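Asker: how does the following fold in three dimensions:
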Amino acid sequence: MFKNAVKAIVMAIIIFEARIVLKKYKPRIIAVTGSVGKTSTKDAIYSALRSSLFIRKSRKSFNSEIGIPITIIGCDSGWNSPVKWLKNIFEGLALIFLPNHYPKWLVLEVGTDHPGDIKEVAKWLKPEVVVITALPDVPVHVGNFKDASEVVKEKKELVKAMRKNGALVLAGDDKLTAALSKEFPDASTYLYGVEAHNDVSASNINFQYKDGKLDGMKFRVEESGSSMPIEIRDRVGHHQVYPVLAAFAVARALDTSPISAAKALVIEKGPNGRMKILKGFNSTTLIDDSYNSSPSAVRAALTTLKKIEVSGKKIAVLGDMLELGRYSAEAHKKVGVQVAGVADILVTVGTRAKGIVESAKKNGFSPAKIFEFNDGKSKEAGKKVRELLEEGDVVLLKGSQTGIRLEKAIRELMEDPSRSKELLVRQNEEWLRI
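Answerer: Numbering: from 1, shown residues only. The predicted structure is shown next:
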């Protein structure tokens, strides 16, 4: 009880300080929300604009009621350390009372775990630009809402808070997201997506290989009659093209140089744990999508795995998709149907993932090529996959974050595990203790 009270007081102080900082320095805000790809989109926008604007981005995936204020202040999470939170409070006070060379722009990731999260933030966050990624039928965290429509309703609170004459950047391939342009006709709207009808689109998307192994992607960005080549060297999947297109759409909305954006995005690394290509043990390839999971994201990841050319086996390591509520059982069954037509070996982690296994078997997946592990056994799953690896194999790893932690499995499979802190998600001390 006392600990919760202290936490509430600290949050109130940090939020109050963030609001004062915004009033003092008046930065213009680009807010990114949606149900998939928020962090990748936020990072791509920052990369595209940083050579043209004095801009700061949310660190990692700080998108919560407390994550947004600490980004505004420019500090890191204090986790469970009173000393660190006290330091953050003093940093906020320094910004308020002392002169500071504060960014002119902020690109902030805005998420929602529960009803009212975004509505509360929107009371004091007034963005200049709002970017909304796809809004799938079964979004992440939907288990905390009455249904998927309530998640969409929550996301729209950010658009309602947008400043007059602001810009609305929407994932145009997603009908639900694109339809928001009609709900907010006063905004300057820009659509992005791989389909040609968008204001910013992509063409000639191809996977790239080096020495017979997956190396990245190459495509062209089509925008305002111009066409620019883009290469992504460290990640793969059509859904990884969308953040790049969103960045170009924002650059267009702000009338900044598309050439500068293109140069920056070619070298942009993207966040860890989102379809990142890693070198695996025994000359294999790992596709690290371990940050989190949802039905649409798993579907996209498996679609990518199916398209990859391999000389060895395709192995899918899939963990539970959490916080889906009444959608959970059916969502896991659908994954089982899809994986049966994609992978040669299936490894699952978690109780809910048993639904994937049963569905895969019903759709012809050999039981001899399925390996199941219980909750908290990601490391053991990784060790098992390592035993199965042969040169030329490709391994996709995807699962929800808090309960599954597939980055632990990936560490067992990396060619150089000593680089785990550099390349994997959740490698700070607080996460490693969990």
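Asker: what's the domain layout of the protein?
Answerer: Here the domain assignment for the chain is 2-267, 276-432, based on automatic domain parsing.
Asker: would a markdown table of these with mean pLDDT and mean neighbour count be doable?
Answerer: (Glycine included, C-beta is placed from N, CA and C.) A markdown table is the format used below for these (pLDDT from 0 to 100; neighbours: other C-beta atoms under 10 Å):
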| stretch | mean pLDDT | mean neighbour count |
| --- | --- | --- |
| domain 2-267 | 91 | 19 |
| domain 276-432 | 96 | 20 |
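Asker: helices of the stretch 1-150 of the chain, start to end?
Answerer: 2-25, 38-49, 67-73, 82-97, 117-121, 148-160 (DSSP state H, counting those that start in this stretch).
Asker: for Ser257, which of these is the nearest?
Answerer: helix 38-49 (9.4 Å; C-beta to C-beta).
Asker: wait, Glu128 sits on Ile30?
Answerer: Yes: between Glu128 and Ile30 there is a contact at 6.7 Å, judged by C-beta atoms under 8 Å.
Asker: would you mind giving the secondary structure of Arg426?
Answerer: Of the three states, Arg426 takes coil under DSSP: H, G, I helix; E, B strand; the rest coil.
Asker: how about it, phi and psi?
Answerer: Backbone torsions of Arg426, given as degrees, to the nearest 10, read phi 50, psi 50.
Asker: so how far is Pro99 from the nearest residue to it once chain neighbours are set aside?
Answerer: Of all residues not flanking Arg426 in the chain, Glu407 sits nearest, at 5.7 Å (C-beta to C-beta, 6 or more residues apart in numbering). Distance, Glu407 to Pro99, using C-beta to C-beta, to the nearest Å: 41 Å.
Asker: just the pLDDT for Met1.
Answerer: The model reports Met1 with a pLDDT of 58.
Asker: rewinding a little: and the residue nearest to Arg426, what does it touch?
Answerer: Glu407 is in contact with 273, 288, 290, 378, 420, 424-427, counting by C-beta atoms under 8 Å, 6 or more residues apart in numbering.
Asker: just put those residues in CSV and tack on distance to Lys361.
Answerer: Listed next are those as CSV, based on distance: C-beta to C-beta, whole Å:
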residue, distance to Lys361
Gly273, 29
Asp288, 27
Ser290, 25
Ser378, 22
Ser420, 33
Leu424, 31
Val425, 31
Arg426, 32
Gln427, 35
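Asker: among these, which one lies nearest to Ile15?
Answerer: Distances from Ile15 to the contacts of Glu407, taken by C-beta to C-beta, are shortest for Arg426, at 25.1 Å.
Asker: quick check: the closest one touching Leu406?
Answerer: No: in this structure, Arg426 is not within contact of Leu406 by C-beta under 8 Å, at 10.1 Å.
Asker: and Lys218, how far is that from Ile118?
Answerer: Note on Lys218: its distance to Ile118, by C-beta to C-beta, is 36 Å.
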